[in-house]
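Novice: from the sequence below, what's the structure:
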Amino acid sequence: MDALNQDARQRWEHNPVALNDVQSRLVHSLQQDGIAFTSLDELFPQDSGYLAQLQASVEAMRDRVVQNRKKAFLIDFYGSDRRLDLDHALTKYSFRPELLDTVNAYFKLWSRHYYFYLGETLPVEPSAVPVGSQAWHRDPEDRQTCKVFLYLSDVHDAGAGPFMYLRGSQQGGPYRKQYPQKFPQGSYPPEGAVERLADPKDILTCLGRAGTIVLADTSGLHKG
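Specialist: Next up, the predicted model:
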(Lines give C-alpha, C1' and ligand atoms only; values in the text may rest on other atoms or scores of the structure.)
Protein backbone atom coordinates (compact mmCIF):
# COMPACT_ATOMS: atom_id res chain seq x y z
CA MET A 1 0.00 0.00 0.00
CA ASP A 2 2.85 2.41 0.79
CA ALA A 3 4.37 1.89 -2.67
CA LEU A 4 1.05 2.73 -4.33
CA ASN A 5 0.61 5.93 -2.32
CA GLN A 6 4.12 7.39 -2.26
CA ASP A 7 3.12 10.64 -3.95
CA ALA A 8 0.13 11.13 -1.67
CA ARG A 9 2.25 10.44 1.43
CA GLN A 10 4.96 12.85 0.31
CA ARG A 11 2.37 15.57 -0.28
CA TRP A 12 1.11 15.08 3.29
CA GLU A 13 4.63 15.09 4.75
CA HIS A 14 5.61 18.24 2.82
CA ASN A 15 2.43 20.12 3.73
CA PRO A 16 1.95 19.51 7.46
CA VAL A 17 -1.35 20.58 9.02
CA ALA A 18 -1.82 21.60 12.64
CA LEU A 19 -4.90 19.85 14.00
CA ASN A 20 -7.03 21.38 16.72
CA ASP A 21 -8.05 19.43 19.84
CA VAL A 22 -11.25 18.09 18.29
CA GLN A 23 -9.50 16.86 15.15
CA SER A 24 -6.69 15.28 17.16
CA ARG A 25 -9.24 13.39 19.29
CA LEU A 26 -11.02 12.13 16.18
CA VAL A 27 -7.80 10.88 14.57
CA HIS A 28 -6.78 9.11 17.79
CA SER A 29 -10.19 7.42 18.03
CA LEU A 30 -10.04 6.29 14.40
CA GLN A 31 -6.59 4.83 14.93
CA GLN A 32 -7.57 3.06 18.14
CA ASP A 33 -11.14 1.97 17.44
CA GLY A 34 -11.78 2.49 13.72
CA ILE A 35 -14.59 4.92 14.51
CA ALA A 36 -14.98 8.45 15.92
CA PHE A 37 -17.87 10.74 16.83
CA THR A 38 -18.39 14.49 16.72
CA SER A 39 -21.10 16.96 15.66
CA LEU A 40 -21.56 19.99 13.45
CA ASP A 41 -21.57 22.22 16.52
CA GLU A 42 -18.29 20.77 17.81
CA LEU A 43 -16.41 20.59 14.51
CA PHE A 44 -17.69 23.92 13.16
CA PRO A 45 -18.32 26.00 16.31
CA GLN A 46 -18.18 29.28 14.41
CA ASP A 47 -21.07 28.35 12.09
CA SER A 48 -24.34 28.79 13.95
CA GLY A 49 -27.32 27.58 11.96
CA TYR A 50 -25.19 25.22 9.85
CA LEU A 51 -27.49 22.24 10.45
CA ALA A 52 -30.58 24.18 9.36
CA GLN A 53 -28.76 25.30 6.22
CA LEU A 54 -27.82 21.73 5.29
CA GLN A 55 -31.31 20.41 6.08
CA ALA A 56 -32.86 23.11 3.85
CA SER A 57 -30.53 22.19 0.99
CA VAL A 58 -31.75 18.59 1.25
CA GLU A 59 -35.45 19.47 1.39
CA ALA A 60 -34.99 21.52 -1.80
CA MET A 61 -34.05 18.26 -3.54
CA ARG A 62 -37.07 16.23 -2.42
CA ASP A 63 -38.92 16.58 -5.73
CA ARG A 64 -36.04 14.75 -7.45
CA VAL A 65 -35.73 11.69 -5.19
CA VAL A 66 -35.84 8.19 -6.68
CA GLN A 67 -36.08 4.68 -5.27
CA ASN A 68 -32.68 3.05 -4.91
CA ARG A 69 -32.37 0.38 -7.62
CA LYS A 70 -30.57 -2.16 -5.41
CA LYS A 71 -31.79 -1.39 -1.89
CA ALA A 72 -35.54 -1.04 -1.33
CA PHE A 73 -34.93 0.49 2.11
CA LEU A 74 -33.20 3.55 0.64
CA ILE A 75 -34.50 6.63 -1.15
CA ASP A 76 -31.82 8.33 -3.25
CA PHE A 77 -31.58 12.09 -3.01
CA TYR A 78 -28.10 12.21 -4.50
CA GLY A 79 -26.83 8.92 -5.90
CA SER A 80 -23.24 8.01 -6.68
CA ASP A 81 -24.13 7.96 -10.39
CA ARG A 82 -24.87 11.71 -10.48
CA ARG A 83 -22.37 14.38 -11.39
CA LEU A 84 -20.97 16.00 -8.27
CA ASP A 85 -22.33 19.53 -7.77
CA LEU A 86 -19.46 21.44 -6.18
CA ASP A 87 -21.79 24.36 -5.37
CA HIS A 88 -24.24 22.29 -3.32
CA ALA A 89 -24.16 23.01 0.44
CA LEU A 90 -23.56 19.37 1.35
CA THR A 91 -20.71 19.01 -1.13
CA LYS A 92 -19.05 22.12 0.25
CA TYR A 93 -19.45 20.67 3.74
CA SER A 94 -17.75 17.44 2.66
CA PHE A 95 -14.67 19.24 1.39
CA ARG A 96 -14.16 21.62 4.30
CA PRO A 97 -10.65 21.47 5.79
CA GLU A 98 -12.01 20.61 9.23
CA LEU A 99 -13.05 17.26 7.75
CA LEU A 100 -10.41 16.74 5.08
CA ASP A 101 -7.48 17.46 7.38
CA THR A 102 -8.88 14.96 9.90
CA VAL A 103 -9.29 12.21 7.31
CA ASN A 104 -5.88 12.88 5.75
CA ALA A 105 -4.23 12.82 9.17
CA TYR A 106 -5.76 9.39 9.82
CA PHE A 107 -4.37 8.06 6.53
CA LYS A 108 -1.15 10.12 6.80
CA LEU A 109 -1.51 11.03 3.14
CA TRP A 110 -3.56 13.20 0.79
CA SER A 111 -6.56 10.94 0.35
CA ARG A 112 -8.82 10.61 -2.68
CA HIS A 113 -12.52 11.31 -2.67
CA TYR A 114 -14.33 8.12 -3.68
CA TYR A 115 -18.03 8.92 -3.71
CA PHE A 116 -20.76 11.12 -2.26
CA TYR A 117 -24.21 9.80 -1.40
CA LEU A 118 -27.29 11.36 0.17
CA GLY A 119 -30.16 9.08 1.05
CA GLU A 120 -33.12 8.51 3.34
CA THR A 121 -33.44 5.23 5.22
CA LEU A 122 -36.95 3.77 5.24
CA PRO A 123 -38.19 1.75 8.26
CA VAL A 124 -38.33 -2.03 7.85
CA GLU A 125 -39.98 -4.64 10.04
CA PRO A 126 -37.74 -5.86 12.91
CA SER A 127 -38.25 -9.43 11.66
CA ALA A 128 -37.09 -8.60 8.12
CA VAL A 129 -34.06 -10.49 6.79
CA PRO A 130 -31.07 -8.10 6.44
CA VAL A 131 -30.38 -7.17 2.83
CA GLY A 132 -27.06 -5.97 1.41
CA SER A 133 -25.50 -3.32 3.62
CA GLN A 134 -28.03 -4.04 6.40
CA ALA A 135 -25.89 -7.11 7.16
CA TRP A 136 -22.43 -7.04 8.74
CA HIS A 137 -19.75 -6.55 6.09
CA ARG A 138 -16.40 -5.04 5.20
CA ASP A 139 -16.18 -2.64 2.25
CA PRO A 140 -13.95 -3.85 -0.60
CA GLU A 141 -12.44 -0.60 -1.92
CA ASP A 142 -9.17 -0.57 0.03
CA ARG A 143 -7.45 -1.82 3.17
CA GLN A 144 -8.25 1.53 4.81
CA THR A 145 -11.32 3.57 4.01
CA CYS A 146 -12.82 6.50 5.88
CA LYS A 147 -16.48 7.30 5.44
CA VAL A 148 -18.06 10.35 7.03
CA PHE A 149 -21.73 10.00 7.97
CA LEU A 150 -23.84 13.05 8.84
CA TYR A 151 -27.25 12.55 10.48
CA LEU A 152 -29.70 15.18 9.19
CA SER A 153 -32.49 13.88 11.43
CA ASP A 154 -32.56 12.40 14.93
CA VAL A 155 -31.55 8.72 15.17
CA HIS A 156 -32.74 7.76 18.66
CA ASP A 157 -33.26 3.99 18.38
CA ALA A 158 -32.67 0.93 16.22
CA GLY A 159 -35.89 1.60 14.31
CA ALA A 160 -34.39 4.76 12.83
CA GLY A 161 -31.73 2.83 10.92
CA PRO A 162 -28.54 3.74 12.82
CA PHE A 163 -25.08 2.93 11.57
CA MET A 164 -23.46 0.04 13.50
CA TYR A 165 -19.76 -0.75 13.85
CA LEU A 166 -17.54 -3.40 15.41
CA ARG A 167 -14.95 -1.39 17.30
CA GLY A 168 -11.44 -2.73 16.71
CA SER A 169 -12.14 -4.39 13.35
CA GLN A 170 -10.08 -1.81 11.42
CA GLN A 171 -6.48 -2.39 10.33
CA GLY A 172 -4.38 -3.02 13.45
CA GLY A 173 -7.43 -3.80 15.60
CA PRO A 174 -8.07 -7.03 17.55
CA TYR A 175 -10.88 -8.13 15.20
CA ARG A 176 -9.04 -7.34 11.96
CA LYS A 177 -8.41 -10.98 11.04
CA GLN A 178 -12.00 -12.03 11.61
CA TYR A 179 -13.81 -12.43 8.28
CA PRO A 180 -11.12 -10.50 6.37
CA GLN A 181 -11.76 -8.55 3.18
CA LYS A 182 -11.92 -10.45 -0.09
CA PHE A 183 -11.16 -8.10 -2.92
CA PRO A 184 -13.14 -6.98 -4.81
CA GLN A 185 -16.24 -8.38 -3.06
CA GLY A 186 -15.55 -7.27 0.52
CA SER A 187 -16.65 -9.69 3.23
CA TYR A 188 -20.09 -10.72 4.57
CA PRO A 189 -19.96 -12.90 7.71
CA PRO A 190 -22.81 -15.36 8.29
CA GLU A 191 -25.85 -14.03 10.15
CA GLY A 192 -25.11 -13.88 13.88
CA ALA A 193 -21.37 -14.57 13.50
CA VAL A 194 -20.22 -11.09 14.59
CA GLU A 195 -22.42 -11.19 17.69
CA ARG A 196 -20.92 -14.56 18.64
CA LEU A 197 -17.27 -13.59 18.20
CA ALA A 198 -17.29 -10.06 19.62
CA ASP A 199 -17.46 -8.65 23.12
CA PRO A 200 -20.90 -6.95 23.25
CA LYS A 201 -19.32 -3.67 24.39
CA ASP A 202 -17.44 -3.51 21.08
CA ILE A 203 -20.63 -3.60 18.98
CA LEU A 204 -21.56 0.06 18.68
CA THR A 205 -25.04 1.27 17.71
CA CYS A 206 -24.44 4.84 16.58
CA LEU A 207 -27.41 6.82 17.87
CA GLY A 208 -27.44 10.60 17.86
CA ARG A 209 -29.31 13.83 17.34
CA ALA A 210 -29.50 15.60 14.00
CA GLY A 211 -26.06 17.09 13.36
CA THR A 212 -24.18 14.03 14.64
CA ILE A 213 -21.09 13.13 12.58
CA VAL A 214 -19.67 9.60 12.50
CA LEU A 215 -16.27 8.92 10.95
CA ALA A 216 -15.61 5.23 10.37
CA ASP A 217 -13.01 3.07 8.67
CA THR A 218 -15.40 0.86 6.75
CA SER A 219 -12.76 -1.71 5.90
CA GLY A 220 -13.84 -2.68 9.43
CA LEU A 221 -17.04 -4.62 10.09
CA HIS A 222 -20.17 -2.47 9.97
CA LYS A 223 -23.80 -2.43 8.87
CA GLY A 224 -26.77 -0.14 8.40
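
Novice: C-alpha only now, for contacts and for neighbours.
Specialist: OK.

Novice: residue nearest the middle of this protein, spatially speaking?
Specialist: For the chain, Lys147 is the residue whose C-alpha lies nearest the centre (Cα atoms, centre = their mean; 3.0 Å).

Novice: doesn't Leu215 make contact with that residue?
Specialist: Yes: taking Cα atoms under 8 Å as the definition, Lys147 is a contact partner of Leu215 at 5.7 Å.

Novice: in this protein, which spans are strands?
Specialist: In order along the chain, the chain carries the following strands (DSSP state E): 35-39, 66-67, 74-78, 118-121, 146-150, 163-166, 203-206, 212-217, 222-223.

Novice: just checking: what are the partner strands of the second one?
Specialist: Spelled out, that is strand 66-67. Counting by DSSP bridges, the strands paired with strand 66-67 are strand 74-78 (antiparallel).

Novice: contact partners of the partner strand?
Specialist: Under the contact criterion Cα atoms under 8 Å, 6 or more residues apart in numbering, strand 74-78 has outside partners 58, 61-62, 64-68, 116-122.

Novice: buried ones among these?
Specialist: The neighbour-count test (16 or more other Cα atoms under 10 Å) marks Val58, Phe116, Gly119, Glu120 as buried among the contacts of strand 74-78.

Novice: roughly how far apart are the first one and Leu51?
Specialist: Okay, so that is Val58. Distance from Val58 to Leu51, counting by Cα to Cα, to the nearest Å: 11 Å.

Novice: ok, Thr212 - how many residues close by?
Specialist: Neighbour count of Thr212, defined by other Cα atoms under 10 Å: 22.

Novice: repeat for Ser187
Specialist: Using other Cα under 10 Å, Ser187 has 20 other residues around it.

Novice: Val129 now?
Specialist: Neighbour tally, Val129, other Cα under 10 Å: 11.

Novice: repeat for Phe44
Specialist: Per other Cα under 10 Å, the neighbour tally for Phe44 reads 13.
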